[in-house]
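**Q** I would like the atomic coordinates for the input below:
(chains A and B)
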Protein chains: 2
Amino acid sequence: MQENMKPSQPLILVSNDDGITSPGIRTLVEVMSELGEVVVVAPNSPQSGMGHAITVGETIRLDESDIFGNVEAYECSGTPADCVKLAKHFVLKDRKPDLVVSGINHGSNSSISVIYSGTMSAAIEGAIEGLPAIGFSLCDYGHQADFSHTRAIVRQIAQTVIRSGLPQGIALNVNIPAKSSEAVRGIRICRQTKGHWGEEFEERKDPYGRRYFWLTGSFINQDKGEDTDEWALKNNYVSIVPCQYDLTAHYALPLLNEWSWDK
Amino acid sequence: MQENMKPSQPLILVSNDDGITSPGIRTLVEVMSELGEVVVVAPNSPQSGMGHAITVGETIRLDESDIFGNVEAYECSGTPADCVKLAKHFVLKDRKPDLVVSGINHGSNSSISVIYSGTMSAAIEGAIEGLPAIGFSLCDYGHQADFSHTRAIVRQIAQTVIRSGLPQGIALNVNIPAKSSEAVRGIRICRQTKGHWGEEFEERKDPYGRRYFWLTGSFINQDKGEDTDEWALKNNYVSIVPCQYDLTAHYALPLLNEWSWDK
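**A** Down below sits the predicted model:
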């Protein structure tokens, strides 16, 4: 929280999926604190790959944390989506955030990864709650990932959204190229690349002779379009994909209506 | 597996999110066994609300099960999406399923619930793998839910999809009204209802004086359309929503391209 904070400053909710102790969320909290009043509700443990999971039939813990000094912060035993729900309905109650941000994720969430992403589930949950929301990811999985170049980018994008709002029902999926010798070339509005993970499961035996598996695999890009997030990132641009939670494939409705379902 | 099975019978992969011991998946396995060769890979414990979670950074177990008699079946420690991945890439390997079905879920997955649904994550994972896929849900959360009326409906819809295929990148979200004195009136192709869960968190104290929460809440329908899944179900129709995993809000691209992101 900044000393010169004005009461009219925007209220910004911060969450993530790597957990409250990750360097990525610290960077995000620091940048957002320059833009407004920050409240953090983030998982108390890593939640990567959680997709849009919520905690049903189990209890949820929420504890205050002083990990960010003067910034109001809570660690939560639930998923990223749980964190945003708890923030909205319990922590903030009648205070409506002007912006929900999630991340900065350690690793890319471009293309189909958006659907497995805990980072984006927090942002999409914000959108479901009717709030402007952004998920930020850095295309660097390393523990020692350098977030320094993300600060100006994250700040610009967050400021634009605070200024302009977002269309109802949309959360932004922002991916930032890993730090390299060449400066990032700019920002591109993109569509989600058509692609999937070519899974391989590595089979091993545990010390007791029972088999287990590790999920591995590599991304298969089925899309040569230059308007995609993969193209942007490969060409050292920041990619922004507007994501919606209406999953209806509207274009398929007429076709399915022609079929004889009762025969 | 049926005695009179022909080699040309369709191969059907069955999964769910309530776990391999639930009555819903038993009904689905029985009906699918009338239509083709069935292989089951399902979670070994309930996975409701798992959204599109996958298991990253943790091991996955897979064990054979004789729970369905002669039907080839495996129980998996992972999520519904993990089950479909493991089935495709390890269990079935070079055998491509003609259909992936998930469910029958104990409880509705209409409207926004699709995004939190483990049942639908298994179906959508099938679609990502390029396979025709359907998630079935019964709008009855009760432990004693009556699945008898779902059999003919599930059979009809599965047969239609085996016959016609599905457009690439689409999984069907099928919801079936709870059993009542009135027969189901038919099948409707629908769009996802605009709505959200009005969350409330019930705060309690554990025996040690520490607080915890239960997620509760009720569905808020913001959509009066008669072409929606909520309308269909309320009027005793089966709802079918074609769902896509391309989350891009294509309509928003021109607007976002007009904004000055670098200022």
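
**Q** rest of the way, CA atoms for contacts and neighbours
**A** Noted.

**Q** touching chain B at all, stretch A:122-139?
**A** Yes - using CA under 8 Å from any CA of the partner chain, stretch A:122-139 reaches chain B at A:128-129.

**Q** next one: that stretch to chain centre, how far?
**A** Here stretch A:122-139 is found 6 Å from its chain centre; the criterion is CA atoms, centre = their mean, to the nearest Å.

**Q** And for stretch A:99-115?
**A** For stretch A:99-115, the distance to the chain centre is 3 Å (CA atoms, centre = their mean).

**Q** Is that stretch positioned near chain B?
**A** Yes - Stretch A:99-115 is in contact with chain B by CA under 8 Å from any CA, via A:112, A:115.

**Q** mind checking the end-to-end distance for that stretch?
**A** Stretch A:99-115 has an end-to-end distance of 21 Å (criterion: CA to CA, to the nearest Å).

**Q** repeat for stretch A:132-147
**A** In stretch A:132-147, first residue to last residue: 23 Å (CA to CA).

**Q** Quick one: mean pLDDT over that stretch.
**A** Average pLDDT, stretch A:132-147: 94.

**Q** Sort out which residues of it are buried, please.
**A** A:132-140, A:145, A:147 (16 or more other CA atoms under 10 Å in any protein chain shown).

**Q** Test my guess that residue A:229 contacts residue A:192.
**A** Yes - Residue A:229 is in contact with residue A:192 according to CA atoms under 8 Å; the separation is 5.9 Å.

**Q** and for these two, which residues touch both?
**A** A:110-111, A:241 (CA atoms under 8 Å, 6 or more residues apart in numbering or on different chains).

**Q** Quick one: the strands in the stretch 51-200 of chain A, in order.
**A** Secondary structure of the stretch 51-200 of chain A by DSSP state E, counting those that start in this stretch: the strands cover A:62-65, A:72-76, A:99-106, A:133-138, A:170-176, A:187-189, A:195-205.

**Q** picking up where we left off before, tell me which two of the buried residues of stretch A:132-147 sit farthest apart.
**A** Distances among those were taken as CA to CA; the most separated pair is A:132 and A:145, at 27.4 Å.

**Q** re earlier: most neighbours among the shared contacts of residue A:229 and residue A:192, which one is it?
**A** Highest neighbour count within these, by other CA atoms under 10 Å in any protein chain shown: residue A:241, with 30 neighbours.

**Q** what's across from it in the sheet?
**A** residue A:173 (DSSP bridges).

**Q** Which pLDDT value goes with it?
**A** 98.

**Q** now do the one 4 residues further on
**A** On the pLDDT scale, residue A:245 is placed at 97.

**Q** the helices in the stretch 101-250 of chain A, which residues?
**A** A:118-128, A:150-164, A:229-234 (DSSP state H, counting those that start in this stretch).

**Q** So what touches the longest one?
**A** In this structure, residues lying in contact with helix A:150-164 by CA under 8 Å, 6+ apart are A:10, A:27-28, A:31-32, A:35, A:98-99, A:132, A:134, A:136, A:138, A:176, B:259-263.

**Q** Which of those residues are buried? Put it as a PyMOL command.
**A** Of these, the buried ones can be selected in PyMOL as follows, counting by 16+ other CA under 10 Å:
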select buried, (chain A and resi 10+27+28+31+32+35+98+99+132+134+136+138+176) or (chain B and resi 261)
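
**Q** what sits against residue A:227?
**A** A:189-191.
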